[in-house]
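Q: Here is my input, please return the structure:
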Amino acid sequence: MENNNESLVFLRGFFFGYFVLQNWIFRFADYTYDDVERINKWIFSEILDDENRIGHLSSRGSNDFQGQSSVNINRYIVKLSDRSNRRYRSTLNIDKQNLIKVIIYFSARHCIAADWLNDRDQFLYPNDGWKTDKEFQSDCLAFTIFHSQNRISSQEGINHWIPFTEQEVDAKERFESHFMTDFLKGKLGNKKEENQLFTSSSDEQPTCLIPEAPISFSAEAQAVFDAGKELWKYYHTQTDANPNASLYDIRAHFQGRNDKGKMNAKSDDAAYTGLMNNLKENLKNLAEKITPKVYAYGFLRE
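A: Below is the predicted model of the structure:
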């Protein structure tokens, strides 16, 4: 009994000390960022219009790892009038003009896992290095298209995020949108310079980054696309496959939902599980490739 009491006292002391130390570290960390702007000012200073062309970037406003889970892409339409609601102040409707900036923001926020050590680390307003790094941009595009926090669903509107053609995945019907494959092939940009991949409306402050030629992907990004293609092809062998399904829809199809409507974490389909695990492994490799540049371009401090 005495030993149990001593153990209890020890545990109480340990956790008290832990929380005091953690609070001190977090307060100290906050002070070290007083001289810089945060990442949300960089992305959410973009003009918000009443159009939702291909999707919506959502965040609850937090600039640290605590807010990581709230950063996602969905099909919700945000109106200018919604900005009066605090919930929608850190939001942005996505189109071809801001897509590259959105996927860089998304990748910077998700390529590093949150833990108790980095919990309060702040994501910052970056330097200009990302603007000319085409491989970084294309790596982030691949990462965002296939990440689980991309919650675009064809059940909520037209899915503009299918990264393959009907022929590539053996779809039985024509897709409603070819936006993403056209974007990847450089078909949505203005042909001004034959060899320029990304253009901007201003050389000093680019606000519009649109591919003007087919995007070349790194080996790590291409591996993600290859793994994703096999998953899409397997889905289209299903008798009830929706030709316009997104990755989120494909996951819901195989994993199902519980009685509260939440998607199950696993599937009973072994083939799907294997394909999904392969995609996750390649996404992990791509995240590790993206991470050093997140620091190099000032999104995070070492």
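
Q: C-terminal to the lowest-mean-pLDDT helix or strand in the chain, what's the next element?
A: The weakest-scoring helix or strand in the chain, judged by mean pLDDT, DSSP states H and E, is strand 198-199 (a mean of 44). Per DSSP states H and E, the first helix or strand lying C-terminal to strand 198-199 is strand 210-211.

Q: Any buried residues in the following helix or strand past that following strand, and which?
A: Of the helices and strands lying after strand 210-211 in sequence (DSSP H and E), the nearest is helix 219-235. Under the neighbour-count criterion of 16 or more other C-beta atoms under 10 Å, helix 219-235 has Glu220, Ala221, Ala223, Val224, Phe225, Ala227, Gly228, Lys229, Leu231, Trp232, Tyr234, Tyr235 buried. The way it works is simple: take the backbone N, C-alpha and C, and place the C-beta from them, glycine included.

Q: which residues of this structure fall in strands?
A: Here the chain has its strands, by DSSP state E, at 55-58, 72-74, 91-94, 198-199, 210-211.

Q: Show me what the second one is packed against.
A: The one in question is strand 72-74. strand 55-58 (3 or more C-beta pairs under 8 Å, 6 or more residues apart in numbering; DSSP states H and E).

Q: Any idea how far apart the tips of stretch 104-116 sit?
A: Terminal residues of stretch 104-116 are spaced 24 Å apart (C-alpha to C-alpha, to the nearest Å).

Q: Stretch 55-65 too?
A: Distance between the two ends of stretch 55-65: 23 Å, counting by C-alpha to C-alpha.

Q: Would you mind listing the buried residues in that stretch?
A: By neighbour count with 16+ other C-beta under 10 Å, stretch 55-65 contains the buried residues Gly55, His56, Leu57, Ser58, Ser59, Arg60, Ser62, Asn63, Asp64, Phe65.

Q: and if you look at stretch 266-274?
A: Tyr272.

Q: now that stretch: mean pLDDT?
A: Averaged across stretch 266-274, pLDDT comes to 97.

Q: Repeat that for stretch 135-148.
A: Average pLDDT, stretch 135-148: 98.

Q: what comes up buried for that stretch?
A: Phe136, Gln137, Ser138, Asp139, Cys140, Leu141, Ala142, Phe143, Thr144, Ile145, Phe146, His147.

Q: just how off-centre is stretch 211-224 within its chain?
A: Relative to its parent chain, stretch 211-224 has a centroid offset of 17 Å by C-alpha atoms, centre = their mean, to the nearest Å.

Q: State the number of residues packed around the nearest residue to Leu141 once chain neighbours are set aside.
A: Excluding its sequence neighbours, the residue lying closest to Leu141 (C-beta to C-beta, 6 or more residues apart in numbering) is Ile103, at 5.0 Å. Ile103: 25 surrounding residues under other C-beta atoms under 10 Å.
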